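> I'd like to go over a predicted model; first the sequence, then the structure.
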Amino acid sequence: MSGEKTLSELGLTARGGREARISGISVDSRAVMPGHLFAAMPGTKVHGARFVDAALSQGAAAVLTDAEGAQIAAEALAGSEVALVIAADPRQALAFACALFFGAQPATMIAVTGTNGKTSVATFVRRLWQEMGFRAVNLGTTGIEGDWQAPLRHTTPDPITLHKALAEAALAGVEHAAMEASSHGLDQRRLDGVQLRAAGFTNFSQDHLDYHADFEEYFAAKAGLFARVLPEEGTAVVNIDDARGIDMLAIAKARGQETLTVGDSLGADLRLLGQRFDATGQELRLSWHGVVEQLRLNLIGGFQGQNALLAAGLVIACGAEAEDVFRALPKLDTVRGRMQLAATRDSGAAVYVDFAHTPDAVSTAIKALRPHVMGRLVAIIGAGGDRDAGKRPLMGAAAAEHADVVIVTDDNPRSEDPAAIRLQVLGGAPEAIEVGDRAEAILRGVDMLQPGDALLVCGKGHETGQIVGDTVYPFDDVEQASVAVAALDGRGL
Ligand SMILES: CC(=O)N[C@H]1[C@@H](OP(=O)(O)OP(=O)(O)OC[C@H]2O[C@@H](n3ccc(=O)[nH]c3=O)[C@H](O)[C@@H]2O)O[C@H](CO)[C@@H](O)[C@@H]1O[C@H](C)C(=O)N[C@@H](C)C(=O)N[C@H](CCC(=O)O)C(=O)O
Ligand SMILES: Nc1ncnc2c1ncn2[C@@H]1O[C@H](COP(=O)(O)OP(=O)(O)OP(=O)(O)O)[C@@H](O)[C@H]1O
Ligand SMILES: N[C@H](CCC[C@H](N)C(=O)O)C(=O)O
Ligand SMILES: [Mg+2]
């Protein structure tokens, strides 16, 4: 899969034409082994070139960096035999080198970007491919799932982790992969080495403005999936109901890419004509190139209907017959932590867990649940620490506007003061109840449910840990909801 390769086999040219045999690639000096290429990247906190001396002492055979890095590492490199590659875009050069070093990837790959819906769409694409008999995986926030599994630290992994996993999956016989392209991942060129057959765009709203300078930079990062990563011969599958979908479509057309539009907008290639909701899901009415279809979707939430349709568009864009895809859609089941029914009280009151952690997701999720609730809708929300603080009051306001009762609690405070985060969320929901301890908040939420009510626990979804400082404490919303219902309904555990 990835034995030794020369710099030129990795598409790299060292200063003075010096060659080197590379036995591995590291982006962190602490992981460098003899013969490694050390990628000294310009970081958000520090330039990786500050660690070149450490990498050399551990036997690095070559260093990849940018001009700034070469200056920073000049002393450490002086008199060294090590090959130095200076690239204008070192993160892209690293991504291409990783693709060449690890070699194989599943033959048919798609990526999906957007503020919300990426995990849902990627999971649905994988399930549709499986229903059609292919060995397939989805790769992102919930790790690598499907016919080959592995945990992941990031929604879009760094190129070394990514291409190692793709090569292993391909060698295990997986020929189809659907991955999530986060804006961080696109900005850092993490998936630039992936050959994509198609790319999807879900929607664009506020998130990650702690990392991107403003909305336009955030959009530009996402647009890179179509403007840079998807090849000209690829297909862009775009939700044109979203205001920025039209801009994304224009970028794809300018590249000469095929396009497949999705949404309820007039003229959408795959058009959502209607959704009728019931206790366990919805009926979809859609048209494909003008031919009308009606089909069952066993998913709660209008947004999951939209995501399922975008997933269908991506699978069609990769060559499947539309009718085969439509036949497979009713087989889709709930994505872990996305509008997942966690528990039901003896009274019939239901508890759902959802991953909503942006203003648009909070309002979308609560509105999506509303048709399934005869009584009050109670929402529990929080906000992650070391993330976009601007969205906190907006999430509070979204919950206050659409839910009957709001409880504000802790999500993953990370290095921030939990009470300060809650105060910012409460800024948008002054009537909300504040309960810092998440387990207590869930217990209180379950306890207030009357027959016909429903509780929606937002923000952590599938997550099985709560990050406080640098410690990850075991915490699973679904489990906490079940425990609370069992305790309050006297069912014992
Ligand atoms: C803000 C961000 O994305 N940072 C990512 C980036 O780190 P960086 O380059 O900024 O790191 P840095 O701390 O400035 O260090 C610079 C360089 O020095 C190197 N170094 C550092 C110390 C040392 O002793 N030796 C050494 O070589 C580091 O490996 C790094 O390459 O590159 C690292 C290696 O690939 C990533 O692990 C790291 O992700 C951090 C941990 C992170 O939290 N990222 C999150 C925000 C993220 O990526 N989230 C997205 C979106 C999530 C979503 O919306 O779902 C995701 O795709 O997961
Ligand atoms: N199409 C959509 N429109 C609006 N909100 C959505 C949509 N799809 C999902 N959501 C909301 O966003 C939450 C997260 O969904 P999902 O995990 O699929 O998104 P994501 O883009 O992968 O998120 P992340 O960026 O955190 O990985 C859902 O639980 C739901 O509340
Ligand atoms: N419960 C998580 C959800 C965000 C996860 C991911 N989208 C990210 O930004 O890291 C948090 O806010 O801490
Ligand atoms: Mg995701």
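Thanks, I have the structure now. Ligands and ions are numbered 1, 2, ... in the order given.

> from here on, contacts and neighbour counts on C-alpha atoms
Fine.

> can you pull the contacts of Val446?
Neighbouring residues of Val446 by C-alpha atoms under 8 Å, 6 or more residues apart in numbering: 351, 455, 481, 484-485.

> ok, longest helix in this protein?
helix 302-317 (DSSP state H).

> is there proximity between that helix and ligand 2?
Yes - Helix 302-317 reaches ligand 2 (C-alpha under 6 Å from any ligand atom) through 303, 306-307.

> which among the residues you listed gets closest to Val63?
Of all the residues of helix 302-317 next to ligand 2, Asn307 has the smallest distance to Val63: 42.3 Å, by C-alpha to C-alpha.

> pull up the residues of the stretch 151-300 of the chain that are close to ligand 2.
155, 202.

> for the stretch 151-300 of the chain, which spans come out with low pLDDT?
By pLDDT under 70, the stretch 151-300 of the chain has no low-scoring segment.

> list the contacts for the residue of it found nearest ligand 4?
The nearest approach of the stretch 151-300 of the chain to ligand 4 comes at Thr155, 5.8 Å away (C-alpha to the ion). Residues counted as contacts of Thr155 (C-alpha under 8 Å, 6+ apart) are 139-143, 180-182.

> ok, and which of the residues you listed reach ligand 1?
141, 182.

> secondary structure for the contacts of Thr155 - can I get that in TSV?
Putting these into TSV (DSSP: H, G, I helix; E, B strand; the rest coil) gives the following:
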residue	secondary structure
Leu139	strand
Gly140	strand
Thr141	coil
Thr142	coil
Gly143	strand
Glu180	strand
Ala181	coil
Ser182	coil
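
> about what we covered before: only whichever of the residues of helix 302-317 next to ligand 2 are buried, select them in ChimeraX.
Buried residues among those (16 or more other C-alpha atoms under 10 Å), as a ChimeraX selection:
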select :303,306,307
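
> returning to that earlier point: now, the contacts of Val446 that are in helices?
Reading helices off those with DSSP H, I get 481, 484-485.

> wait, which of the residues you listed is closest to ligand 2?
Ala481 (16.4 Å; C-alpha to the nearest ligand atom).

> doesn't Ala342 make contact with that closest one?
Yes - contact criterion C-alpha atoms under 8 Å: Ala481 and Ala342 qualify, at 6.4 Å.

> list residues touching both of the two?
Val351.

> what about Arg271, distance to Arg126?
21 Å (C-alpha to C-alpha, to the nearest Å).

> equivalent analysis for Ala213, please.
Separation of Ala213 from Arg126 (C-alpha to C-alpha) stands at 33 Å.

> which one's more surrounded, these two?
Arg126 (27 against 10; other C-alpha atoms under 10 Å).

> and the strand or helix carrying that one with ligand 4, contact?
Applying DSSP states H and E as the criterion places Arg126 in helix 118-131. Yes - against ligand 4, helix 118-131 shows contacts by C-alpha under 5 Å from the ion at Thr119.

> what about that helix, near ligand 2?
Yes - Helix 118-131 lies within reach of ligand 2 by C-alpha under 6 Å from any ligand atom, at 118-120.

> contact partners for Asp477?
For Asp477, the contacting residues are 353, 457, 460-464, by C-alpha under 8 Å, 6+ apart.

> one more time with 10 Å, if that's ok
Residues near Asp477 by C-alpha atoms under 10 Å, 6 or more residues apart in numbering: 337, 342, 352-354, 438-439, 442, 457-466, 483.

> cool, Ala178 as well?
Ala178 touches 106, 108-112, 118-119, 121-126, 129, 136-140, 144-145, 196, 198-199, 311, 314-315, counting by C-alpha under 10 Å, 6+ apart.

> of the residues you listed, which ones also sit close to ligand 3?
Of these, not one also sits near ligand 3 (C-alpha under 6 Å from any ligand atom).

> so which bits of stretch 453-469 are buried?
Neighbour-count burial for stretch 453-469 flags 453-463, 465-468 (criterion: 16+ other C-alpha under 10 Å).

> re the thing from before, more crowded one of Ala481 and Ala342?
Taking neighbours as other C-alpha under 10 Å, Ala481 and Ala342 compare with Ala481 leading, 26 against 21.

> quick one: that one and Ile380 touch, right?
No - in this structure, Ala481 is not within contact of Ile380 by C-alpha atoms under 10 Å, at 11.6 Å.

> what residues are shared contacts of the two?
Residues touching both Ala481 and Ile380 (C-alpha under 10 Å, 6+ apart) are 353, 442, 445, 455, 457.

> let's see which of those residues end up in helices.
442, 445.

> widest-spaced pair of the shared contacts of Ala481 and Ile380?
Val353 and Gly445 (12.3 Å).

> so the closest residue to ligand 3 within the stretch 301-450 of the chain: helix, strand or coil?
Residue of the stretch 301-450 of the chain nearest ligand 3, by C-alpha to the nearest ligand atom: Gly384 (3.4 Å). For Gly384, the secondary structure call by three-state DSSP comes out as coil.

> rewinding a little: now narrow the contacts of Asp477 to whatever sits close to ligand 3.
459-460.

> which bits of this structure sit near ligand 4?
Residues of the chain lying near ligand 4 by C-alpha under 5 Å from the ion: 119, 141.

> which segments of the chain make up each domain?
The chain breaks down into these domains under the TED database: 5-90, 104-331, 340-489.

> the shortest one near ligand 1 at all?
Yes - using C-alpha under 6 Å from any ligand atom, a contact is recorded between domain 5-90 and ligand 1, made by 27-30, 41-48, 51.

> of those residues, which is the nearest to ligand 4?
Ligand 4 has its nearest neighbour among the residues of domain 5-90 next to ligand 1 in Thr44, at 21.9 Å by C-alpha to the ion.

> the closest one against Asp210, yeah?
No - in this structure, Thr44 is not within contact of Asp210 by C-alpha under 10 Å, at 11.7 Å.

> neighbour count winner among the two?
Taking other C-alpha under 10 Å, Thr44 and Asp210 do not tie; Asp210 has more neighbours (13 against 7).

> for ligand 1, what are the nearby residues on this protein?
Near ligand 1, when you scan the chain using C-alpha under 6 Å from any ligand atom, you find 27-30, 41-48, 51, 141, 154-156, 158, 182, 184-185.

> understood, closing this out.
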